[in-house]
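Asker: Structure for the following, please:
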Amino acid sequence: MKECPPNALSRGPGGEVFIADTCIGCGNCERNCPYGVISMAPEKPPRMGGGLLWLLLGLGKAPGERAPHYDPDARKKAVKCDLCKDLKGGPACVRACPTGAAFRISPEELIANISNERRPEL
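Answerer: I've put the predicted structure just below:
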């Protein structure tokens, strides 16, 4: 986090790392992340309103047109999972998991669960 020139990285109260919109795309966080979870991705182009604006005003991408190919020279920004911090229901991956195999618990709760497990005797 100390290698981020615009201080775009911050840590939440639960220890989660968040990336602010002030990211300049320098790539220091990607190179220095000890967990390898930060990557650089092209910025999304502004939306033009989809098919309706194209149909009515001739603006934007026509329905059915393919997205442009990847441009390696496009400006990039740091991205990582933010645990769906802005969604009231919590992480979407947890809610969408059909088997219930994905779940989120705090590190303290995980350690407590591990220490309370009974280990089989050999």
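
Asker: neighbouring contacts of the host helix or strand of Ala112?
Answerer: With secondary structure defined by DSSP states H and E, Ala112 is part of helix 107-116. Outside helix 107-116, the residues within contact range by C-beta atoms under 8 Å, 6 or more residues apart in numbering are 15, 105. The C-beta positions use only the backbone N, C-alpha and C, and glycine is treated the same way.

Asker: With stretch 85-100 instead?
Answerer: Looking at what lies outside stretch 85-100 - C-beta under 8 Å, 6+ apart - the contacts are 12, 16, 18, 83-84, 102-104.

Asker: closest to Tyr35 among the residues you listed?
Answerer: Nearest to Tyr35 among those: Glu16, at 12.1 Å, using C-beta to C-beta.

Asker: ok, and the closest non-adjacent residue to that closest one?
Answerer: Nearest non-adjacent residue to Glu16, counting by C-beta to C-beta, 6 or more residues apart in numbering: Leu83, 5.9 Å away.

Asker: The one you found: how many residues sit nearby?
Answerer: By other C-beta atoms under 10 Å, the residues close to Leu83 number 17.
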